[in-house]
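In: what follows is a predicted protein model with its sequence.
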Amino acid sequence: MAGTLDTDWALGWIRESARVIAAERTHLIDLDRAVGDADHGENLDRGFTAVIGKLDDADAPGTPAAVLKVVAMTLMSTVGGAAGPLYGTAFLRAATALGEAGEIDAVLVAAMIGAARDGVVVRGKAEVGDKTMVDAWSPAVDAAHAAAEAGADAAGVLTAAADAAQAGAVATEPLIARKGRASYLGERSAGHQDPGAVSSAMILRAAADTARQAHG
């Protein structure tokens, strides 16, 4: 169907995510050094490298959801700290939202992003304003639903979500962390972007860029 996304897109998204995380590994480490354990970039890079290994070794997944399930289970088993469970839950919930669909339209893309965000919220017990990944995911969800309702195609919904996530990540800089290791710093956590919000925005941007390329 015109304007929809398929399993090839899902595979491309994860490969592009792995590429971006590898390229931005040091940047993410530096962000996390300011507010956490300085391991966010290293952990995510290791996790996505393992994901690509799994996808390369296995038979090609038959649906987008099958791709995301491989991502979820691999990240949960290979990524240390909070990021593994949070991202693993996000991708698992996203896969569940997609079900057995072989073609993903705009409405299903918005549902996928919403399910991923809900997984992060449930797992991390965080809300908007806590200076966490949720500050990128929640505006992404709102933008995705608005774009879908306005008639955007799947790629347009992802672009709107990625733009909102990026703005949300930037907006974490002045916040005082209320969750996670950064919360131990109190007011000293202000002045730094949250590394999880930044990596979330990167992954959503990878999804949007891959979708635009798929639609030529």
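Out: Right, received. Where do you want to start? Residues are numbered from 1 along each chain as shown.
In: what about stretch 91-98, distance to the chain center?
Out: Distance, stretch centre to chain centre, for stretch 91-98: 12 Å (CA atoms, centre = their mean, to the nearest Å).
In: which residues touch the lowest-mean-pLDDT helix or strand in the chain?
Out: One helix or strand of the chain scores below all others by mean pLDDT, DSSP states H and E: helix 25-35, with a mean of 91. Contact with helix 25-35 is made by 21, 38-42, 44-45, 177, 181-182, 185, 189, 192-195, 198-199, as judged by CB atoms under 8 Å, 6 or more residues apart in numbering. All C-beta spots, glycine's among them, are computed from the backbone N, C-alpha and C.
In: and Met112, what is it in contact with?
Out: 94, 97-98, 104.
In: just send the residues you listed back as CSV, with neighbour count too.
Out: Shown next, in CSV, are these (neighbours: other CB atoms under 10 Å):
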residue, neighbour count
Ala94, 26
Ala97, 22
Leu98, 23
Ile104, 26
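In: buried stuff in stretch 142-157?
Out: Buried residues in stretch 142-157, counted by 16 or more other CB atoms under 10 Å: 142-145, 147-148, 152-157.
In: count of neighbours near the residue nearest to Arg93 when sequence neighbours are not counted?
Out: The shortest distance from Arg93 to any non-neighbouring residue, by CB to CB, 6 or more residues apart in numbering, is to Gly119 (3.5 Å). The number of residues packed near Gly119 is 24, by other CB atoms under 10 Å.
In: ok, now the one 3 residues further on?
Out: Close neighbours of Val122, defined as other CB under 10 Å, add up to 11.
In: could you measure from the closest residue to Ser189 other than its chain neighbours over to Gly47?
Out: Spatial nearest neighbour of Ser189, chain neighbours left out: Ala177 (4.0 Å); criterion: CB to CB, 6+ apart. Counting by CB to CB, to the nearest Å, the gap from Ala177 to Gly47 is 23 Å.
In: quick one: residues contacting Ala90.
Out: Per CB under 8 Å, 6+ apart, neighbours of Ala90: 72, 116-117, 119-120, 137.
In: no further queries at this time; thank you.
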